[in-house]
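Enquirer: How does the following fold in three dimensions:
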Amino acid sequence: MSGLYDGVRLHNHRLFATTAPVLMLEPPAWTADAVCASTDPELFYPEKGGSTREAKKICAGCPVTAACLQYALDMDERYGVYGGLSERERRRLRRPAPVAKQRTCLDCGHVFGSGTGLAAHRRSAHRGAS
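Expert: Sure thing, here's the model as predicted:
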C-alpha cells in the first residue's frame, strides 16, 4: 500500500479511521514479522477504559516489540497498544524526568539534593558561626 490516506491509519496492513491524514509510503519492514498482523486489530484499540491485557499478551511473544514501540514513539501514536505499551504508558516514556531541586548552603557552598537537610546541616556544621 502506498499514498496518502485521508482519514485512515494503517495498522497491521489494515486501515482504520482517524481524524488526520496519514502519509504511508510502505508499511515498515518489521511489520511482516509482527505477531499482531494475524490477530484481530480491535484488541489493540480497546474502547476508552477497556482492557489492554490481551493485546499486551500478544506483544509479549512478538519478536518485533522493540521496533514496534520505537515506531509508535517516533510517529507519536496516540491510540492503541504498540510495542506492548498503552497510550498512557507511552506518554510516561515521553515525559521528561523531573529535575531534582538542589539547594546550596550560602555559608559554605555545600550542595544538597531534594529532601536532604540543609537546615540540619546549617545547625550542626555552622554551630556558633555567626
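Enquirer: Poorly predicted segments of the protein, please.
Expert: By pLDDT under 70, the weakly predicted segments of the chain are 1-24, 113-118, 122, 127-130.
Enquirer: tell me the domain boundaries of it?
Expert: Per automatic domain parsing, the structural domains of the chain span 3-94, 98-130.
Enquirer: what distance separates the longest one from the centre of its chain?
Expert: The offset between the C-alpha centroid of domain 3-94 and the centroid of the whole chain comes to 13 Å, using Cα atoms, centre = their mean, to the nearest Å.
Enquirer: biggest helix in the chain, by residue count?
Expert: Assignment by DSSP state H gives helix 65-74 as the longest helix of the chain.
Enquirer: Could I get the full set of helices for the chain?
Expert: 53-60, 65-74, 87-94, 118-125.
Enquirer: Out of these, which is closest to G80?
Expert: helix 87-94 (7.1 Å; Cβ to Cβ). Quick note: C-beta positions are derived from backbone N, CA and C, even for glycine.
Enquirer: which of the domains of the chain sits most buried?
Expert: domain 3-94 (a mean of 15; mean count of other Cβ atoms under 10 Å).
Enquirer: residues in contact with the most centrally placed residue in the chain?
Expert: The chain has R90 as the residue nearest its centroid, 2.0 Å off, counting by Cα atoms, centre = their mean. Listed by Cβ atoms under 8 Å, 6 or more residues apart in numbering, the contact partners of R90 are L69, A72, L73, E77, Y82.
Enquirer: for the last one, which residues make a bridge with it?
Expert: When you say that, I think you mean Y82. Going by DSSP bridges, Y82 is paired in beta bridges with L85.
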